[in-house]
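no sequence on hand, only this structure:
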């Protein structure tokens, strides 16, 4: 059982953190289910980068410094 602090914070028990694979600094997502239960899901860091997969595929073989300069409008 966990207690809610005056700031609305809750400590996730160690065994639950281990199962979720989360550690300090990681993010979790809360979803309120229709029956008032709360689902807690880890937010995987790789999800942040998934939208960029293949972003530079058409520029394979180009000099990375040149690509960065173009993206920054340095050229």
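Structure's in. What do you need? Everything quoted here is computed from the prediction, not taken from an experiment.

which parts of the host helix or strand of residue 18 are buried?
If you go by DSSP states H and E, residue 18 is part of helix 14-20. The neighbour-count check on helix 14-20 (16 or more other Cβ atoms under 10 Å) flags residue 17 as buried. No exception for glycine: its C-beta is placed from N, CA and C like everyone else's.

going by residue numbers, what spans are helices in the chain?
14-20, 46-50, 64-71 (DSSP state H).

least confident of these, on average?
With a mean of 66, helix 46-50 has the lowest mean pLDDT of these.

quick one on the thing from earlier: who are the packing partners of the helix holding residue 18?
Applying 3 or more Cβ pairs under 8 Å, 6 or more residues apart in numbering; DSSP states H and E, we find helix 14-20 packed against strand 38-43.

from the contact counts, what lies against the strand it packs on?
helix 14-20, strand 27-32.

who's in contact with the helix holding residue 18?
With Cβ atoms under 8 Å, 6 or more residues apart in numbering as the test, helix 14-20 has contacts from 12, 23, 28, 40, 41, 42.

by neighbour count, which of those wins?
Tallying neighbours with other Cβ atoms under 10 Å puts residue 42 at the head of these, with 16 neighbours.

next one: residue 27 from residue 42, what distance?
8 Å (Cβ to Cβ, to the nearest Å).

for residue 31, which non-adjacent residue is spatially closest?
Excluding its sequence neighbours, the residue lying closest to residue 31 (Cβ to Cβ, 6 or more residues apart in numbering) is residue 39, at 4.3 Å.

ok, how many other residues are close to that neighbour?
So residue 39, with other Cβ under 10 Å, has 9 neighbours.

so it sits against residue 28, correct?
No. Contact criterion Cβ atoms under 8 Å: residue 39 and residue 28 do not qualify, at 10.2 Å.
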